[in-house]
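Student: Turn this into a model:
(one chain, ligands or ions: 1)
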Amino acid sequence: MLKSRKGNTCYFQHTQFKCHSLYLYKLERKGAKRYSKIGFIGLGNMGSHMAKNLLKKSYNLTVYDLNKSAVMNLVEAGASCASNAAEMSKEVEVIISMLPSNQHVLDIYTGENGVLSAAKKNVLLIDSSTVDPLVSQSIASQAQKHSLRFIDSPVSGGVNAAKDGTLTFMVGGSSTDFDDAKSILEAMGSRIVYCGNVGMGQAAKLCNNMLLAISMIGTAEAFNLGQKLGLDAKVLANIVNSSSGRCWSSDLYNPVPGILPNVPSSKNYEGGFGTTLMAKDLGLAQSAAIRTQAPIPLGSLAHQIYRTIIAHGFSNKDFSVVYEFLKGKNEET
Ligand code: NAD
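Tutor: Sure thing, here's the model as predicted:
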């Protein structure tokens, strides 16, 4: 009895030791750096929540945004603030940006009083905005000339995931920079995926969102046609979601009101992922396709459809509103 208990204890201690060694080994092998002083630029719908999640993990945060009330909101939560990007860049070891689009990101990094003009050598720059992969690659090469490191890490998940710290980050850059960024990104997200060299995070994001737009339009078309033929939408959902037509848009984000209770279509298309952001991502996919000469006939059509939807007054609605748009068009004709 005594022998057996002793044996168990020894075995347990041995297991503990093995786990601990493995953990240290992983840290050593990766050589991942620990950072404490982070700068955050762009405190909008997404960035404000992401920055607050960094504060919750006790990072020492300095923030900057053109919008003073967005800055004050973060200062009240415990951050310091800077009066421009250059001032902030002098103080920190890592800079994260979450800005609307290409030109904002270029201005913040490469413009007058931009990040590159002031950041200390070897600072890690993480851009989580959704932009053209070419913009990420251009900033990365300019950053390298200033002895700075740059990765792109756009996100999927939307405002609720930003709030809950469950975003997916798609990262492009060197594997060393990825390892160094990972623990910081884990404070804001639940999936951190390495996609390859700089720009490949953006490439993954654009391809995924183009496919999402196409599948959402297809789902909306099929469900509108079904109802025009007299078919009950719930019956059609039951068939499609257990047949070959099934996709994320039909199964988990159905655009027909009343099929799923907690999706935007059942809440007057409020919240979710806006048509304006979808049109922006499709525009980026369109530019990338022209540049690389990759044919994207359905992606181009999806871009036109979302721009038309916006022109018809649906700019503040979730992108699944394409179903209402198609219904309205059919009613007109
Ligand atoms: P947003 O417009 O709400 O916020 C952008 C913030 O950047 C604003 O606070 C603005 O004042 C600030 N800003 C703009 N130019 C600036 C400058 N020169 N200097 C300092 N601050 C500046 O945008 P968002 O919804 O938070 O989206 C940010 C990025 O994330 C976009 O690229 C978007 O495509 C992407 N994204 C958004 C969502 C979403 O659901 N909102 C989901 C995934 C990805």
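
Student: so G44 sits in a strand?
Tutor: No: secondary structure of G44 (DSSP: H, G, I helix; E, B strand; the rest coil): coil, not part of a strand.

Student: Up against the ligand, what does this protein have?
Tutor: 41-47, 64-67, 70, 98-101, 104, 107-108, 129-130, 155, 158-159, 273, 277, 280 (Cβ under 6 Å from any ligand atom). Yep, even glycine has a C-beta here, placed from its N, CA and C like the rest.

Student: Check this structure for the residue nearest the ligand and tell me.
Tutor: Nearest residue of the chain to the ligand (Cβ to the nearest ligand atom) works out as G44 at 1.7 Å.

Student: mind listing what that residue touches?
Tutor: 65, 67, 70, 98, 100 (Cβ atoms under 8 Å, 6 or more residues apart in numbering).

Student: Which one of those is nearest to S89?
Tutor: D65 (14.5 Å; Cβ to Cβ).

Student: so how far is C81 from the closest residue to the closest one other than its chain neighbours?
Tutor: Leaving aside its sequence neighbours, D65 sits nearest to L43 (Cβ to Cβ, 6 or more residues apart in numbering; 4.3 Å). Noted for L43: a distance of 10 Å to C81, by Cβ to Cβ, to the nearest Å.

Student: The two - which one has more neighbours?
Tutor: For L43 and C81, the more surrounded residue by other Cβ atoms under 10 Å is L43, and the numbers stand at 26 against 17.

Student: right, and the more buried one touches N67 too?
Tutor: Yes: applying Cβ atoms under 8 Å as the test, L43 and N67 come out as touching, 7.0 Å apart.

Student: one step back: what score does the residue of the chain closest to the ligand have for pLDDT?
Tutor: On pLDDT, G44 comes in at 95.

Student: Quote the end-to-end distance of stretch 286-300.
Tutor: 6 Å (Cα to Cα, to the nearest Å).

Student: Touching that stretch from outside, list them.
Tutor: 132-134, 203, 206, 210, 213-214, 282, 285, 303.

Student: 7 Å instead?
Tutor: Defining contact as Cβ atoms under 7 Å, 6 or more residues apart in numbering, one finds that stretch 286-300 is touched by 132-133, 206, 210, 214, 282, 285, 303.

Student: Including pLDDT and secondary structure, could the residues you listed go into JSON lines?
Tutor: Formatted as JSON lines, the contacts of stretch 286-300 follow (pLDDT from 0 to 100; DSSP: H, G, I helix; E, B strand; the rest coil):
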{"residue": "D132", "pLDDT": "98", "secondary structure": "coil"}
{"residue": "P133", "pLDDT": "98", "secondary structure": "helix"}
{"residue": "L206", "pLDDT": "98", "secondary structure": "helix"}
{"residue": "M210", "pLDDT": "98", "secondary structure": "helix"}
{"residue": "I214", "pLDDT": "98", "secondary structure": "helix"}
{"residue": "L282", "pLDDT": "98", "secondary structure": "helix"}
{"residue": "A285", "pLDDT": "98", "secondary structure": "helix"}
{"residue": "H303", "pLDDT": "98", "secondary structure": "helix"}
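
Student: Cool, thanks, signing off.
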